[in-house]
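>>> this one's sequence-less:
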């Protein structure tokens, strides 16, 4: 078996050599060298001076352990050393200008120094180099392609030089041991913040250290895009503060953030990418800013959010994709507003979310969907047998039935007044006086303070108040019929 092979004995005029995968059947080249032994047995390759390019697939899937590349080589072609799992050491010469796609993919390299003469590192150039512990990027490198160093399981630290103009956001995907990406303070395009997050041009968040012990990450104003899977499986992260400037949250951005408990989606966000909060098992509160511009909730966006019990869908949403709320085993209440623009609702949006009830106004796509899929049970409030009718239907919040203030007080024959300055409603019936303030967990009944499980709030320009608390304060008996989802208020 050959252990050492000198490819060209006297390569006077050779600039490129091209060796295909069927080299064991190749019978002639310019020097009439004959290879009777398959290249998979070759352990060492010495490439002669004057060769300028190592062609595509030149040493694909061979057992070589070491390659000596001369200073004349300028280009390493596509997949030239792809799947060379025994290749542990390569010295790249100064003068090398390009490392093409998949050049060292799945190789056994443990370290690599890329000289500053290289202008571009191709897509997946070092993908899957699981033993790669050290990467040195010299100043002069300007571009690093998609998944160039992705799935490099042993890589822990990387330094981005001043010269780097473009780093694909997926360059280090699934390199899950990567603890830190440092950036030259003189780089005009990239910087790393106090949390270790890396930004491009101050507008795109492209990388976050998933192994960080940070419990909070505050993304600065000016950032508009959170790139694909940036925070995926950042298991220690409990809180993420998104700036008002965010307009795009891409697929999988927060997938598997198992400690994340609450999120507020800024109003400029127009689409939640597929799986964006998938398997955030402790996520229990999702809030959309007032004036939300969100139009699409992507496939699997909240799939597996097992702590999520309730959500209100912004009226701007047009499309809810497949499995958007699948496996949300605690989800009970999904609210839609009367001016909902929803047009498309996947039949599988709530797969394996068995306790969902959709609260939606009449003549809306959401209401039709709920009835078709048996996810809608009308919530009714009766006063002495008479149904309360309002343009905003009753809803359950924190397991308390909330009704529009004026509708319930008028049904109870109470006089009602509203103080806008302190956001307080006062109801009088006979000698009984009740005061309730928006946002307060304390209600006053005949001068006594009562604690509320769910405070009053404003919804679609209506003040929603807890029906049991105010009815009992005004002297009525209140009962609940679970089977038909009905509140019965009876005069004493």
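Cool, the structure landed. Quantities reported herein were computed from a predicted structural model and do not represent experimental measurements.
>>> Now do the strands in the stretch 101-250 of the chain.
Using DSSP state E, counting those that start in this stretch, the strands found in the stretch 101-250 of the chain span residues 111-114, 120-121, 134-137, 143-144, 157-160, 166-167, 180-183, 190-192, 198-200, 204-207, 216-218, 225-226, 239-241, 248-249.
>>> now those in TSV, with mean neighbour count and distance to residue 317?
For every residue, glycine as well, the C-beta is placed using N, CA and C. Shown next, in TSV, are the strands of the stretch 101-250 of the chain (neighbours: other C-beta atoms under 10 Å; distance: least, C-beta to C-beta, whole Å):
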stretch	mean neighbour count	distance to residue 317
strand 111-114	17	46
strand 120-121	22	41
strand 134-137	18	43
strand 143-144	22	37
strand 157-160	18	38
strand 166-167	20	33
strand 180-183	16	35
strand 190-192	19	34
strand 198-200	21	29
strand 204-207	23	24
strand 216-218	16	26
strand 225-226	24	19
strand 239-241	15	21
strand 248-249	22	14
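>>> got JSON lines for those strands, with mean pLDDT and distance to residue 345 too?
Rendered in JSON lines, the data for these read as follows (pLDDT from 0 to 100; distance: least, C-beta to C-beta, whole Å):
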{"stretch": "strand 111-114", "mean pLDDT": "96", "distance to residue 345": "50"}
{"stretch": "strand 120-121", "mean pLDDT": "96", "distance to residue 345": "44"}
{"stretch": "strand 134-137", "mean pLDDT": "96", "distance to residue 345": "47"}
{"stretch": "strand 143-144", "mean pLDDT": "97", "distance to residue 345": "41"}
{"stretch": "strand 157-160", "mean pLDDT": "96", "distance to residue 345": "44"}
{"stretch": "strand 166-167", "mean pLDDT": "96", "distance to residue 345": "39"}
{"stretch": "strand 180-183", "mean pLDDT": "96", "distance to residue 345": "41"}
{"stretch": "strand 190-192", "mean pLDDT": "96", "distance to residue 345": "41"}
{"stretch": "strand 198-200", "mean pLDDT": "96", "distance to residue 345": "35"}
{"stretch": "strand 204-207", "mean pLDDT": "96", "distance to residue 345": "31"}
{"stretch": "strand 216-218", "mean pLDDT": "95", "distance to residue 345": "33"}
{"stretch": "strand 225-226", "mean pLDDT": "96", "distance to residue 345": "26"}
{"stretch": "strand 239-241", "mean pLDDT": "95", "distance to residue 345": "28"}
{"stretch": "strand 248-249", "mean pLDDT": "95", "distance to residue 345": "21"}
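>>> so which of those strands comes closest to residue 392?
Residue 392 lies closest, by C-beta to C-beta, to one member of the strands of the stretch 101-250 of the chain: strand 248-249, at 29.6 Å.
>>> So what touches the closest one?
The contact list for strand 248-249, computed with C-beta atoms under 8 Å, 6 or more residues apart in numbering, reads 224, 225, 226, 265, 269, 270, 271, 272, 273, 276.
>>> quick one: which of the residues you listed sit in strands?
Residues of the contacts of strand 248-249 located in strands (DSSP state E): 225, 226, 265, 271, 272.
>>> who's in contact with residue 333?
309, 310, 311, 356, 357, 359, 395, 396, 397.
>>> Tell me the most packed of the residues you listed, by neighbour count.
residue 359 (23 neighbours; other C-beta atoms under 10 Å).
>>> how close does it get to residue 337?
Using C-beta to C-beta, to the nearest Å, residue 359 is found at 10 Å from residue 337.
>>> quick one: which of the contacts of strand 248-249 has the most company?
Busiest of these [other C-beta under 10 Å] is residue 276, holding 30 neighbours.
>>> lowest-pLDDT helix or strand in the chain?
The weakest-scoring helix or strand in the chain, judged by mean pLDDT, DSSP states H and E, is strand 16-17 (a mean of 37).
>>> and which of the contacts of residue 333 is nearest residue 197?
Distances from residue 197 to the contacts of residue 333, taken by C-beta to C-beta, are shortest for residue 311, at 27.3 Å.
>>> That closest one in helix, strand or coil?
strand (DSSP: H, G, I helix; E, B strand; the rest coil).
>>> shouldn't it be in contact with residue 330?
No - Residue 311 lies out of contact with residue 330 (C-beta atoms under 8 Å); the separation is 11.3 Å.
>>> can you map out the helices along the stretch 201-350 of the chain?
For the stretch 201-350 of the chain, applying DSSP state H, counting those that start in this stretch gives no helices.
>>> What helix or strand is residue 366 located in?
Assigned by DSSP states H and E, residue 366 belongs to helix 365-372.
>>> which is the next helix or strand following that helix?
Using DSSP H and E, the next helix or strand after helix 365-372 towards the C-terminus is strand 380-383.
>>> List the pairing partners of that following strand within its sheet, with orientation.
In the sheet, strand 380-383 lines up against strand 386-387 (antiparallel), strand 486-491 (parallel) (DSSP bridges).
>>> Can you tell me which of those is most buried?
strand 486-491 (a mean of 17; mean count of other C-beta atoms under 10 Å).
>>> So what touches that strand?
379-384, 394, 401, 411-412, 467-468, 471, 475-481.
>>> Could you count how many residues lie near residue 231?
Residues near residue 231, counting by other C-beta under 10 Å, number 25.
>>> hang on, isn't it packed against residue 254?
Yes - Residue 231 lies in contact with residue 254 (C-beta under 8 Å); the separation is 4.9 Å.
>>> what touches both of the two?
Joint contacts of residue 231 and residue 254 (C-beta under 8 Å, 6+ apart) are residue 240.
>>> Run through the residues that contact the residue nearest to residue 341 when sequence neighbours are not counted.
Among residues not flanking residue 341 along the chain, residue 318 sits closest, at 5.5 Å (C-beta to C-beta, 6 or more residues apart in numbering). Counting by C-beta under 8 Å, 6+ apart, residue 318 makes contact with 295, 296, 341, 342, 343, 344.
>>> Can you give me the distance of residue 318 to residue 342?
Taking C-beta to C-beta, one finds residue 318 at 6 Å from residue 342.
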